[in-house]
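> predicted model and sequence below, questions to follow.
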Amino acid sequence: MSAGELVPSGSKRILITGLSTYWGGRLAQALEQRPEIETVIGVDSKDPTRELERTEFVRVGTEHALLRRVVMAAEIDTVVDTRLIVDSTVAPARDAHENNVIGTMNILAACSGSDSPVRKFVLKSSAHYYGAEQDDPGYFTEEMRRPHPPQTGIERDILEAERAVSDFERKNDAVRVTKLRCTHVLGPDVKTSHTKLLSLPLVPMILGFDPRYQFVHEDDVVAALAHTVHNDLPGVFNVAGDGVLAFTEVVGLLGKTYLPVLPPVGTGLAAAVARRLGIEIPPETLNLLRFGRAIDNRRLKATGFAYRYTTRETVSRLGEYLRLHPILRDAAQPYRYEEEVEEFLRWSPSVRDSGDRGQPRLNPRQLVELQKAVVTGAPSVARFKPAIDALGGYDDLAEDELVAMLDSLEADQLSQLHAHERAGAARSAVLEAIEETLARSG
Amino acid sequence: MADERLSLPVEDPDRGSPGDGPDRSMELARRTELRRQLPGVEPDRRLTDWGRSERVEGVMDRLLFDFFYNYWFRCEVEGIENVPADGGALLVSNHSGALPPDAAMIAKAIKEEHPRPRPLNLTVEHFFKGFPGFSMLVPKIGGVAAHPANVQRLLFDEQQLVLVFPEGRKGTEKLYRNRYKLRRFGRGGFVEAAMRAQVPIVPVCVVGAEEAQPIFAHLGLLQKLTGMIYAPVTPTFPHFGPLGMLGYLPAKFKIRFLEPIPFEEEGMHEDRSLVQTYAHEVRARIQENLLEMVAERESVWFG
């Protein structure tokens, strides 16, 4: 694979699962900026945590029936799953398992099937897939598997989620599956157990061990996710900054002092004590603090992806941030999602100033029509004037166009359309299709 | 300290089956492309990506290796020109001594005698990573875990020198009465590694290490209690404590680098019989030269 063989993808209608996670929000922000992306839809059970412009948020967890309706209705061609929990300090073990294993299963169920419009599935996974053991290679490449079965819940969950995705790939030939295995992420914005550990004034280490560590900058992870959306890259890719540092080097770059206080024997017990004292060292990092891990990032680079930061620069950036943070602490207001305001700005006909979005706002029905017009090439722009008669535009549409858009209509609109059609052209195929759709949704 | 498991196949579904031409050339193109993507060197750093530290190496050199090389073992080197000045090469040597001094002396010989000194990567058995302190020190002075993927990356991608001891632990734990009798050379994994990376093998013979730290017996109970890989009885161990492991007798060291055996052709590693043939060939050459060197030697202590 070389940069010259890059295949720009046909991904235009994107569904991001886990919009309210850090990665989902950041990716949505990145995709919004690209004009060739038609639609970005994000689903999550919680409110979005980032300010979004044209991304549509639907409050759905991982219920596959609901997700499937979203996927089918919006004709989603690309699903990006950013939802995996790869850090056991973020959520209780049971929630993490529910999210990582059951959630992934449901999302895959919503995308599979011969009638599914999904053509690409991207999973953000973790380098925890490889584990950290004594007999590891210096660099894990994408083909390698971990030499020993996982000992911690998070690692088991990640393996299981990846297995489910591989299974999905085998059964759905039409879908190209990309898995990104990211190493530990650092950055000013993202909060992981490693940023917490490295923010401590004295960084604890295991006595007698200086593991090799690799990091990747948060912006690079977002860019890598966007890279896989914009290009067709089926397969597995490691995501990690260039260069591998020794842990003492990392701590030195941050200008901190390392403290080899964790004993080499009974480290787990000492970590449990530290947890009581408020220093969170999750079980999946214990082996990392002992043996370290590095992954080979060259396959993704060979596809034309360029990292902005090396491991060393990533750590230096975090160091700068940690020095500035106490000064700038309360400067920025955290973002709050206000559903009513978002709805008003998006759909109200009273909103005239399109603001920073830079494109005219249409209501959902007009959007559907506009899209059909684009597809069929009909230049009937007059149809999209806000003052349009509620159903007048439909008369110009051909039978099959009309049938194709039925799925996107509400029940009352359907019955209105039914009455309108019967009174007007009374095409039997259209009438039947409307009745059928009504029966399905009712 | 080295490993015999270099033949462990890396699971690689992309690699073509033996004999299909286009697949193999694609595989080579892929590997060459990946080689271009190696991360660059960051000049401010004191450690390499493998964890090697010039500073620590320098300290160890001044403290120990310099003294042992020049004054204690009075190393004598032959055939240093057989170590290539550039490109990857796999150095294969005989191995002996409870805490073997041979690796450090070979690395020092290249540093002292070679017209273009290059760092030498020593393959070390994985167990070092589990020992506190040791696990910090070994990578800093050039030790790399003996994993086939590591050897491949060092030899093919990074074009470096790698030293392996195919006898592995069987070499270091052999008793004094078996001195200079080479043990089995693993399963030929080292040949496979060189063939896969398409780099030459340079056989190396070391005379003197057997007498520097002879092993008279093994203490099974002590080994079990300490969790070490073996507990030998040497002139200074165990009665002088752990530091007794460094108690070397001042035997005269002679190191001979033999002619390189090239493996430029592609895909040779897939032929098992070829691998075994070369493994025997390398072993025979080292054994033959060892016996010759021992026969020429007039005194164990003065050479």
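That came in fine, so what should we check first?
> now do the contacts for whichever residue of the stretch 151-300 of chain A sits closest to chain B.
As assessed by Cβ to the nearest Cβ, chain B sits closest to residue A:208 within the stretch 151-300 of chain A, at 2.5 Å. To be clear about C-beta, it is placed using only N, CA and C from the backbone, and glycine gets the same treatment. Counting by Cβ atoms under 8 Å, 6 or more residues apart in numbering or on different chains, residue A:208 touches A:260, A:264, B:131-136.
> now the host helix or strand of residue A:319: mean pLDDT?
Secondary structure from DSSP states H and E places residue A:319 in helix A:311-328. Mean pLDDT, computed over helix A:311-328, is 89.
> same question for stretch A:431-442.
Per-residue scores along stretch A:431-442 average to 78.
> pull the residues that contact it.
Residues contacting stretch A:431-442 (Cβ under 8 Å, 6+ apart): A:402-403, A:406-407, A:409, A:411, A:414-415, A:417-418, A:421-422.
> can you put the residues you listed in TSV and add distance to chain B and secondary structure?
Shown next, in TSV, are the contacts of stretch A:431-442 (distance: Cβ to the nearest Cβ, whole Å; DSSP: H, G, I helix; E, B strand; the rest coil):
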residue	distance to chain B	secondary structure
A:402	48	helix
A:403	45	helix
A:406	45	helix
A:407	40	helix
A:409	47	coil
A:411	50	helix
A:414	50	helix
A:415	55	helix
A:417	53	helix
A:418	55	helix
A:421	55	helix
A:422	59	helix
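> now those in JSON lines, with neighbour count, pLDDT and distance to residue B:77?
Below are these laid out as JSON lines (neighbours: other Cβ atoms under 10 Å in any protein chain shown; pLDDT from 0 to 100; distance: Cβ to Cβ, whole Å):
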{"residue": "A:402", "neighbour count": "21", "pLDDT": "74", "distance to residue B:77": "89"}
{"residue": "A:403", "neighbour count": "18", "pLDDT": "76", "distance to residue B:77": "86"}
{"residue": "A:406", "neighbour count": "18", "pLDDT": "76", "distance to residue B:77": "86"}
{"residue": "A:407", "neighbour count": "16", "pLDDT": "72", "distance to residue B:77": "81"}
{"residue": "A:409", "neighbour count": "19", "pLDDT": "72", "distance to residue B:77": "86"}
{"residue": "A:411", "neighbour count": "11", "pLDDT": "75", "distance to residue B:77": "90"}
{"residue": "A:414", "neighbour count": "19", "pLDDT": "79", "distance to residue B:77": "90"}
{"residue": "A:415", "neighbour count": "15", "pLDDT": "80", "distance to residue B:77": "95"}
{"residue": "A:417", "neighbour count": "22", "pLDDT": "79", "distance to residue B:77": "93"}
{"residue": "A:418", "neighbour count": "17", "pLDDT": "81", "distance to residue B:77": "96"}
{"residue": "A:421", "neighbour count": "20", "pLDDT": "78", "distance to residue B:77": "96"}
{"residue": "A:422", "neighbour count": "13", "pLDDT": "79", "distance to residue B:77": "101"}
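> the residue in the stretch 1-150 of chain B that chain A sits nearest to and residue A:207, how far apart?
Here the residue of the stretch 1-150 of chain B nearest chain A is residue B:132; by Cβ to the nearest Cβ that distance is 2.5 Å. Distance, residue B:132 to residue A:207, using Cβ to Cβ, to the nearest Å: 6 Å.
> joint contacts of these two?
Counting by Cβ under 8 Å, 6+ apart, the residues touching both residue B:132 and residue A:207 are residue A:264.
> pick out the residue in the stretch 51-200 of chain A sitting closest to chain B.
Closest point on the stretch 51-200 of chain A to chain B, by Cβ to the nearest Cβ, is residue A:137, at 3.8 Å.
> quick check: residue B:297 vs residue B:171, distance?
With Cβ to Cβ as the criterion, residue B:297 and residue B:171 are 20 Å apart.
> which one of these two has more residues nearby?
Per other Cβ atoms under 10 Å in any protein chain shown, whichever of residue B:297 and residue B:171 has more neighbours is residue B:171, with 26 against 14.
> can you list the residues of the stretch 1-150 of chain B near chain A?
Contacts of the stretch 1-150 of chain B with chain A, taken as Cβ under 8 Å from any Cβ of the partner chain, map to B:10-14, B:30, B:33-34, B:36-40, B:42, B:44-47, B:49-51, B:126-127, B:129-136, B:139, B:144-145, B:147-150.
> restricted to helices, list those.
Applying DSSP state H to these, the entries found in helices are B:30, B:33-34, B:36, B:134-136, B:139, B:148-150.
> residues contacting residue A:188?
Counted by Cβ under 8 Å, 6+ apart, residue A:188 has contacts A:218, A:317-318, A:321, A:325.
> need the buried ones from those selected in ChimeraX.
Applying 16 or more other Cβ atoms under 10 Å in any protein chain shown to the contacts of residue A:188, the buried members can be selected in ChimeraX as follows:
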select /A:218,317,318,321
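> shouldn't residue B:246 be in contact with residue B:99?
Yes: using Cβ atoms under 8 Å, residue B:246 is in contact with residue B:99, at 6.7 Å.
> low pLDDT regions in the chain?
Since you didn't name a chain, this refers to chain A. A:1-7, A:330-333, A:353-397, A:441-442 (pLDDT under 70).
> if you could check chain B rather than the one you did, that'd help
B:1-22.
> list the contacts of the nearest residue to residue A:225 once chain neighbours are set aside.
Spatial nearest neighbour of residue A:225, excluding adjacent residues (Cβ to Cβ, 6 or more residues apart in numbering or on different chains): residue A:27 at 5.0 Å. Counting by Cβ under 8 Å, 6+ apart, residue A:27 makes contact with A:16, A:80, A:82, A:222, A:225-226, A:229.
> could you list which of those residues belong to helices?
Using DSSP H, those in helices are A:222, A:225-226, A:229.
> out of those, the closest to residue B:187 would be?
residue A:225 (42.9 Å; Cβ to Cβ).
> list the contacts for the closest one?
A:23, A:27, A:30, A:80, A:82, A:122, A:124, A:180.
> got it, and residue B:230?
B:98, B:169, B:172-173, B:218, B:223.
> can you rerun that using 10 Å?
Neighbouring residues of residue B:230 by Cβ atoms under 10 Å, 6 or more residues apart in numbering or on different chains: B:98, B:169, B:172-173, B:215, B:218-220, B:222-223.
> could you measure from it over to residue B:95?
In terms of Cβ to Cβ, residue B:230 sits 13 Å off from residue B:95.
> shared neighbours of those two, which are they?
B:169, B:172.
> nearest spatial neighbour of the spatially most central residue of chain A, skipping sequence neighbours?
Nearest residue to the geometric centre of chain A (Cα atoms, centre = their mean): residue A:82, 2.9 Å. Among residues not flanking residue A:82 along the chain, residue A:23 sits closest, at 3.9 Å (Cβ to Cβ, 6+ apart).
> surely residue B:161 and residue B:92 touch.
No: look at residue B:161 against residue B:92 with Cβ atoms under 10 Å: they stay out of range, at 11.7 Å.
> common neighbours of the two, please.
residue B:202.
> helix or strand: which one has residue A:216?
strand A:215-217.
> name the surrounding residues that touch that strand.
Contacts for strand A:215-217 (Cβ under 10 Å, 6+ apart): A:127, A:182-188, A:190, A:194-195, A:198, A:223-224, A:238-245, A:250, A:295, A:297, A:307-315, A:317-318.
> kindly recompute the last result at 7 Å.
Under the contact criterion Cβ atoms under 7 Å, 6 or more residues apart in numbering or on different chains, strand A:215-217 has outside partners A:182-187, A:239-241, A:308-309, A:311, A:314-315, A:317.
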